[in-house]
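Participant: Pasting the sequence and the predicted coordinates here, then a few questions.
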Amino acid sequence: MVRIKKVSVLGSGVMGHGIAQISAMAGYHVTIRDIDQAFLDKAMDKIKWSLSKMVEKGKIASSDMQSILSRITTTVSLKDAVVDADLIIEAIPEDMRLKKDTFSELDRLADPRTIFASNTSTLPITEIATATSREDRFIGIHFFNPPQLMQLVEVIPGAKTSKDTVSIALEYVKSLSKEPILCRKDVAGFIVNRIFIPLVHEAAWEMLEDKASMRAIDAAFKFKLGFPMGIFELADYTGLDVIYKASKEMLARDSKVLNPCPLIEDLYSKGFYGQKTGKGVL
Ligand code: CAA
């Protein structure tokens, strides 16, 4: 079985930089790859901010910060990113064509033993894997935002993923001090979004049709159902763009998976994405 020593992360956005950071915190050597050096510089700034916050809260020693940072390198070259990588985790935009093209190129560049993982939240793992000649060494490893604070990670084997690859992915997640859950079927939304995305639509229907106030619904989620945030607060935090696209993808895979509320599409089409644009449901 491959022993993971070096992890490469493709994409330096919210998920990519977080995955890179927690991997370096667990002792792995990490390379982050993005298409523009400016994105990578921004990602490194975010990692430094996050590590400083952890020092401030006593989660890590200040002496650890420098060694964690020294394990992270950045590159704009896909070819350089794959050198010596045991595990490559893709966290690029949620576009099937883009993901397939990237993995097909990676397949030509990376060592045949390298394991490929996608951090997709809704796209079918089995289908992305077909862009490679290593469907047995292809798997979904889905982190949640912010990866630095969220304990749960979904591990999703595709139809041809080998048992060894599943074991390696589970061990890797545990080595990050995270809790893996195995998604036994590569279904729309996997385990978490299969519940979370329909809930957002149901809450929106409740507001639109049943005249419940946004405040009342959020209070119910937070103070009765025990969510860390109200459902609309969480939707704004996650991004209405992410929720809208995930909904469309899930519906394309299974038309009965959710009852789409027009409010979500309305907010998306107005560019009200939530925290990232300053306006969302709230
Ligand atoms: N690194 C380090 N520290 C961070 C951080 C990061 N990346 N992000 C925030 N923090 C800090 C904050 O600045 C804050 O510090 P201060 O107290 O100094 O201000 C601290 O962490 C958070 O402290 P809180 O006590 O407020 O934290 P909390 O107990 O409320 O937990 C939370 C915060 C973990 C985000 C919690 O609110 C939570 O679990 N929310 C739900 C998040 C969730 O469900 N995410 C999944 C979204 S769906 C998704 O990811 C994509 C998808 O598949 C569609």
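Facilitator: It's in.
Participant: can you list the residues of the stretch 151-282 of the chain near the ligand?
Facilitator: Within the stretch 151-282 of the chain, the positions lying close to the ligand (Cβ under 6 Å from any ligand atom) are 193, 228-229, 234, 238, 242, 246. Where you see a C-beta, it was placed from the backbone N, CA and C, and this is true even at glycine.
Participant: change it to 5 Å
Facilitator: Counting by Cβ under 5 Å from any ligand atom, the stretch 151-282 of the chain comes close to the ligand at 228-229, 238.
Participant: Of the residues you listed, which is the nearest to A159?
Facilitator: Nearest to A159, judged by Cβ to Cβ, of these is T238 at 28.3 Å.
Participant: wait, that closest one sits on G274?
Facilitator: Yes: the criterion here is Cβ atoms under 8 Å, and T238 meets it with G274 at 7.1 Å.
Participant: what's the closest of the residues of the stretch 151-282 of the chain next to the ligand to E105?
Facilitator: For those, the minimum distance to E105 (Cβ to Cβ) is 29.4 Å, reached by T238.
Participant: and the closest one, how many residues sit next to it?
Facilitator: Using other Cβ atoms under 10 Å, T238 has 25 other residues around it.
Participant: Find me the pLDDT at it, would you?
Facilitator: Note on T238: pLDDT of 96.
Participant: swap in the one 4 residues further on?
Facilitator: With respect to pLDDT, V242 has a value of 95.
Participant: Which residues are in contact with it?
Facilitator: By Cβ atoms under 8 Å, 6 or more residues apart in numbering, the contact list for V242 reads 94, 121.
Participant: Renumber starting at 362 from here on
Facilitator: Understood, numbering begins at 362; the last thing we discussed is V603.
Participant: what does the stretch 362-511 of the chain put close to the ligand?
Facilitator: Selection of the stretch 362-511 of the chain residues close to the ligand by Cβ under 5 Å from any ligand atom yields 411, 414, 482, 505-507, 509-510.
Participant: ok, now with 8 Å
Facilitator: Counting by Cβ under 8 Å from any ligand atom, the positions of the stretch 362-511 of the chain adjacent to the ligand are 376, 379, 382, 407, 410-412, 414-415, 417-418, 482-483, 503-511.
Participant: could you flag which of those are buried?
Facilitator: Among these, the ones that count as buried by 16 or more other Cβ atoms under 10 Å are 376, 379, 382, 407, 411-412, 415, 482-483, 503-509.
Participant: Identify, from those residues, the entry nearest to F582.
Facilitator: The shortest gap between F582 and any of these belongs to F505, at 16.6 Å (Cβ to Cβ).
Participant: Out of the residues of the stretch 512-643 of the chain next to the ligand, the closest to K440 would be?
Facilitator: Taking these together and measuring to K440 by Cβ to Cβ, the closest member is T599, at 33.4 Å.
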